[in-house]
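**Q** below is the structure, and that's it, no one-letter string:
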């Protein structure tokens, strides 16, 4: 059956499976704390170790997807996620839980790596990214509502991640064994645009750290400073994640109409205001307003940043490396927020994070301003200089494999 260039659902599914663990981090850490003989700090350390393992997979595998093959590597990642998270969910042995989190985290990072490299080769990486964010946001929101009704214990969120990986497995048959880029002259080239890529990776570490510094202590802000009940705080989070879907849909609808610089720069500035509002909240209205507005804006900016990283290298290596740097920031965020809050209080923490975001918005925007036209020139030169064996209908980026039919 002939399949025109349509939505690459296997990549969207892999993206969802890979990103689900970070999205469920607050409930995962909270369940580890309440369901096992662990302190809040120890439970948080396990969550950070999970994310560090995920980031390590990206750094290690960014340049190896073509060599190993998307289908094989995706299946390896999903197996690691199923075994790691599933094993951690079924045991009460703390060393086994830690080992399972590390193995599962590496599996999540492997799935994300395959998804990122595939998305970078698509004609419209931003559209595919927004679909992935839409999927993971919807799934995480549903799980935040469902998990409290599935009983106590640490296993439910971990089992949910494992089952998601299992559900995605059948779609790996529609991934190619090898990508066309593996046989192109681009395979042996150095990373293009090293300065822009390095700057983007460094600022994304800081950007994600600031986001998750707030996310990691948001529950404590609602309980201790806004004096809300636990059920009310949970409801706010569920509504906020649902509102995030609107942001993702909006980003997908707008697409590149306004470029990348404006959404990234202005969006980051607005996020800094949301952080100040949430961190200073003393009542339900202020707390809910800050959290909901932040959850609407966060995936919007993230989708444009991922698209920007993909534009720096048609093989997707910068997309993987920037995503891995983001995972490192995600892992360090909760500890940073806790330390700042303990030393200076939640409002001051919010101000510090907001100022930091405003500072890093400048280099992020600068990379976005310079990247698009240069990427177009680079892609055209690459195709005209060495891809003569490709069919005439090839796009200006690396030819995207067909993910709509079995390879």
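**A** The structure has been received and is ready for your questions. Nothing here was measured: the structure is a model prediction, and the numbers come from that model.

**Q** alpha carbons only for contacts and neighbour counts from here, please
**A** Noted.

**Q** tell me where the stretch 251-400 of the chain has strands.
**A** Counting by DSSP state E, counting those that start in this stretch, the stretch 251-400 of the chain has no strands at all.

**Q** tell me the contacts of residue 44?
**A** 29, 334, 335 (CA atoms under 8 Å, 6 or more residues apart in numbering).

**Q** need the pLDDT of the first one.
**A** Turning to residue 29, the model gives it a pLDDT of 80.

**Q** surely it touches residue 47?
**A** Yes - between residue 29 and residue 47 there is a contact under CA atoms under 8 Å: 6.0 Å.

**Q** tell me which of those two has more neighbours.
**A** More neighbours surround residue 47 than the other of residue 29 and residue 47, with 26 against 23 (other CA atoms under 10 Å).

**Q** look at residue 363 and say how many residues are nearby.
**A** If we define neighbours as other CA under 10 Å, then residue 363 has 16 of them.

**Q** over to residue 170?
**A** Other residues close to residue 170 by other CA under 10 Å number 11.

**Q** and for residue 172?
**A** 23.

**Q** for the closest residue to it other than its chain neighbours, give its distance to residue 171.
**A** Excluding the flanking residues, the one nearest residue 172 by CA to CA, 6 or more residues apart in numbering is residue 71, at 5.8 Å. Distance of residue 71 to residue 171, computed by CA to CA, to the nearest Å: 9 Å.

**Q** for the helix or strand containing residue 206, packing partners?
**A** For residue 206, the host element (DSSP states H and E) is helix 194-220. Judged by 3 or more CA pairs under 8 Å, 6 or more residues apart in numbering; DSSP states H and E, the packing partners of helix 194-220 are helix 261-279, helix 317-344, helix 346-386.

**Q** how about it: buried residues?
**A** Buried residues in helix 194-220, defined by neighbour count with 16 or more other CA atoms under 10 Å: 196-197, 199-220.

**Q** tell me the contacts of the residue most central in space within the chain?
**A** By CA atoms, centre = their mean, the chain has its centre lying nearest to residue 19, at 5.0 Å. Contact analysis of residue 19 by CA under 8 Å, 6+ apart lists 108, 112, 136.

**Q** then residue 364?
**A** 199, 200, 203, 261, 264, 265.

**Q** which of those residues sits closest to residue 245?
**A** Taking CA to CA as the measure, residue 245 sits nearest to residue 264 out of those, at 17.9 Å.

**Q** quick one: low-confidence ranges for this protein?
**A** Within the chain, the segments meeting pLDDT under 70 span 1-5, 178-189, 255-256, 372-407.
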